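Asks: Would you be able to build a 3D model of this:
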Amino acid sequence: MNIIHLILGLFLAGIAAYGIGRLKPAAASWLTLAASWAALLILFLGGDTLAGGNAWGLLAFKMTPLGWFFSMTLLFVYSTNTFFNLSVPAAPTRQAAYPMLYLISLASTIGVFSAENWLALFIFWEIVLWSSTFMIGFGKPGRGSIIYFGMSLLGSFMMLFAILVMGTAYQTFEVKGALMAAAQSPGPALLVFLLMLFSAMVKLGITPFHIWMPEAYHEAPDHFAPVLAGGLSKLGAFTALMVTSFLPASTLMAQPWQVRGLPLLTYILLTVSAVSIVIGTLMAIKQEDAKKLLAYSSVANSGYIMIGMLMGTPMSVSGALVHLLAHALATTVTFMVMAAVARQTGTTRMDELGGLLHRMPITFLAFLTAILSLVGLPPMLGFVSKWLILQSLASQGLFLVAAAAIFGSIGSLLYAFRILSTVFLGQLKPKHRQVREAPAVLLIPLLLLSGVTLVLGIYPYGLVQYTAKIENSLGFADTVQITGLSIQGNNGNLNALLIMGAFAIGFLIALGIFLKAPKSRKVDLMDTYTGGEFIYSPELYSYSTNFFAPLERVYAGLPEISRLYEALANRVRDLGTLVQYLFFSPLPSRTALLISVVTILLIWGEAI
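Replies: Reported below is the predicted structural model:
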């Protein structure tokens, strides 16, 4: 078994799923589950030494530690999400196409992470783009898939142009070789660096390329949104790390201007990533729909990943990789939870929910684990990754960027509290009194992903050691140091097991107090009054709408990048209307006038 066999097998399984799905959709969903988990097992057992392969000269593959890390992350996300495909089927007309596109996109992600040349990588990149666009379109009606496709197409054009420039200037399309050739003989290297990095930023959702995320995540089918948010956006991180490792900004100019010991270009990009954290956090706080809130949370967390990669130190890159995995696991869980909530209640709007803790307690625990990891609180994996990134920023003296990172963590507490309060805590709506816990088939992936997040947060040492192996493969002279059970930092050490022990002691003390203390009397929701008046409507207890209104008013007047894109879209639409009016009019007189004008211009040009 080699990589070509694995990719080809998934493609064939996708085609088979389409044929089976036309006859029996449930069987196609089971085939998708079996194929995904089989691919995960094969890659896990093969490790980062799994044989590559060569097909027709162009499609050459080689598994590297970096490619294996990304492939395993996405395979785990795809595989766990297949349980949701069993319980939340697509619309009848799309039941055959969805599992086919699902497996084809999965196969293509492996192709992206293991391709030896940029042309093969680009081909699989585009297959992922097209298949995911159609799957987003299977969800709610709207423009989400169009915006996603348009922004992704912009990133694809930038990548393709950079690939052609490298092939022309350096006579090679080999992934590592072309970038290293650019670093040794700059020429158009600056153009390649910017185009490749901007392309990665589009896929990651870094400001100002983030506008596709809220729309696409909101409109994507509930059973595909976890893959889109937790997996596919990470493709940009792969190319970004390749570029920043083999074509660092310090090689682009003979004597680059520096800020805090970093090239000016790197500092500018770090600032853009920091702005992405701030904007993503502020926009998440003001959302009324849970899926849009989580989408803007992804905008902010992508900023952390990009900061770690741009800094290019062993600790920052390790932090970026750990945060990528932490975000993939946690975001997949949160979108799965929203899919389960939507399945049981029919909505993801926070002002229409509340009190689901008592109806869906296991789902709540999974969501709590994931949201704590997104915030960056111990003992979750997100705490480890943010600690590594903040240590790197502090050691470099980048306090403004660090302030934005800390602001993002504090702000994430606000939107995490909002989604917890409005969906699971608070008052249960009368219409949801009959809601029950999600089916067991949906709880399996929730518990599995949450468990991995918690275990890796308590014992992250094996994961951090593997990131050191990735750094060695990328040519880093030094790597993150681990002494015993402590991860060594420039401003302190991290002992995750010790932190977990402190939390366990605190939990046991709190549990003892709870068990020994007098119990409060449980009363019905409406057994109360305020201001001498009884409240007869449970909705009057809801504080879901405009949850942080006083805070939102502070930045309500700030400009939004989406308005700029809307204005640009309107100008393009006006231009299209003008072209249609001039060249595609059904009126003969207007066509005759146009021909006359063109003829006169041609004659005039000949005379000159």
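
Asks: For stretch 15-31, which residues meet the burial criterion?
Replies: 16-18, 20-21, 25, 28-31 (16 or more other Cβ atoms under 10 Å). All C-beta atoms are positioned from the backbone trio N, CA, C, and that covers glycine.

Asks: quick one: what helix or strand has the closest residue to A416 other than its chain neighbours in it?
Replies: Of all residues not flanking A416 in the chain, I371 sits nearest, at 4.7 Å (Cβ to Cβ, 6 or more residues apart in numbering). Assigned by DSSP states H and E, I371 falls within helix 361-375.

Asks: Likewise for V275?
Replies: Going by DSSP H and E, V275 is in helix 264-285.

Asks: so the helix or strand following that helix versus helix 264-285, what angle?
Replies: Next helix or strand after helix 264-285 toward the C-terminus (DSSP H and E): helix 290-311. On the basis of axes from the mean of the first three to the mean of the last three Cα atoms, to 10 degrees, helix 290-311 is oriented at 160 degrees to helix 264-285.

Asks: re earlier: so which other helices or strands are in contact with the helix holding V275?
Replies: If you count contacts as 3 or more Cβ pairs under 8 Å, 6 or more residues apart in numbering; DSSP states H and E, helix 264-285 packs onto helix 290-311, helix 399-419.

Asks: which residues touch the residue nearest to A416?
Replies: I371 makes contact with 330, 334, 416, 419-420 under the criterion Cβ atoms under 8 Å, 6 or more residues apart in numbering.

Asks: mind checking how far it is from L12?
Replies: I371 is 39 Å from L12, where distance means Cβ to Cβ, to the nearest Å.

Asks: For the stretch 101-250 of the chain, which segments are assigned as helices?
Replies: Here the stretch 101-250 of the chain has its helices, by DSSP state H, counting those that start in this stretch, at 118-137, 144-170, 175-184, 189-204, 212-219, 225-230, 235-246.

Asks: Let me know which of those is the nearest to L365.
Replies: helix 225-230 (17.6 Å; Cβ to Cβ).

Asks: so what does the top helix by length along the chain touch, helix or strand wise?
Replies: With DSSP state H setting the assignment, residue counts place helix 314-345 as the longest helix in the chain. Where contact means 3+ Cβ pairs under 8 Å, 6+ apart, helix 314-345 is packed against helix 65-87, helix 225-230, helix 235-246, helix 290-311, helix 361-375, helix 381-396, helix 440-458, helix 461-473.

Asks: thinking again about what came up before, tell me the most buried of the helices of the stretch 101-250 of the chain?
Replies: Ranked by mean neighbour count under mean count of other Cβ atoms under 10 Å, the helices of the stretch 101-250 of the chain are led by helix 225-230, which reaches a mean of 29.

Asks: what's the nearest residue to M159 once chain neighbours are set aside in contact with, if anything?
Replies: Leaving aside its sequence neighbours, M159 sits nearest to S199 (Cβ to Cβ, 6+ apart; 4.1 Å). Contact analysis of S199 by Cβ under 8 Å, 6+ apart lists 155-156, 158-159, 162, 236, 239.

Asks: ok, the nearest residue to G155 once chain neighbours are set aside to M283 distance?
Replies: Counting by Cβ to Cβ, 6+ apart, the nearest residue to G155 once its immediate chain neighbours are dropped is V202, at 3.4 Å. The gap separating V202 from M283 is 18 Å, by Cβ to Cβ.

Asks: Repeat that for Q580.
Replies: Q580 is 36 Å from M283, by Cβ to Cβ.

Asks: same thing with S145?
Replies: Applying Cβ to Cβ, the value for S145 to M283 is 21 Å.

Asks: now do A38
Replies: From A38 to M283 the distance is 40 Å (Cβ to Cβ).

Asks: quick one, which of these two is more surrounded?
Replies: M283 (23 against 15; other Cβ atoms under 10 Å).

Asks: I'd say the more buried one and V299 touch.
Replies: Yes: between M283 and V299 there is a contact at 7.2 Å, judged by Cβ atoms under 8 Å.

Asks: And stretch 82-95, end to end?
Replies: Distance across stretch 82-95, first residue to last, is 14 Å (Cα to Cα, to the nearest Å).

Asks: Is it correct that the residue nearest to G155 is in contact with S233?
Replies: No: if you go by Cβ under 8 Å, V202 and S233 don't touch, sitting 10.0 Å apart.

Asks: Count the neighbours of N472 for me.
Replies: Using other Cβ under 10 Å, N472 is surrounded by 14 other residues.

Asks: same thing with K292?
Replies: K292: 21 neighbours (other Cβ under 10 Å).

Asks: element containing W37?
Replies: W37 is part of helix 25-46 when elements are defined by DSSP H and E.

Asks: Can you name every helix or strand that that helix contacts?
Replies: Here helix 25-46 touches helix 3-23, helix 65-87, helix 97-114, going by 3+ Cβ pairs under 8 Å, 6+ apart.

Asks: what mean pLDDT would you report for it?
Replies: Mean per-residue pLDDT for helix 25-46: 93.

Asks: Please shift the residue numbers so they start at 51 in all later answers.
Replies: OK, 51 is where the count begins now, so the last one is helix 75-96.

Asks: My guess is G447 contacts Y317. True?
Replies: No: using Cβ under 8 Å, G447 is not in contact with Y317; the gap is 11.4 Å.
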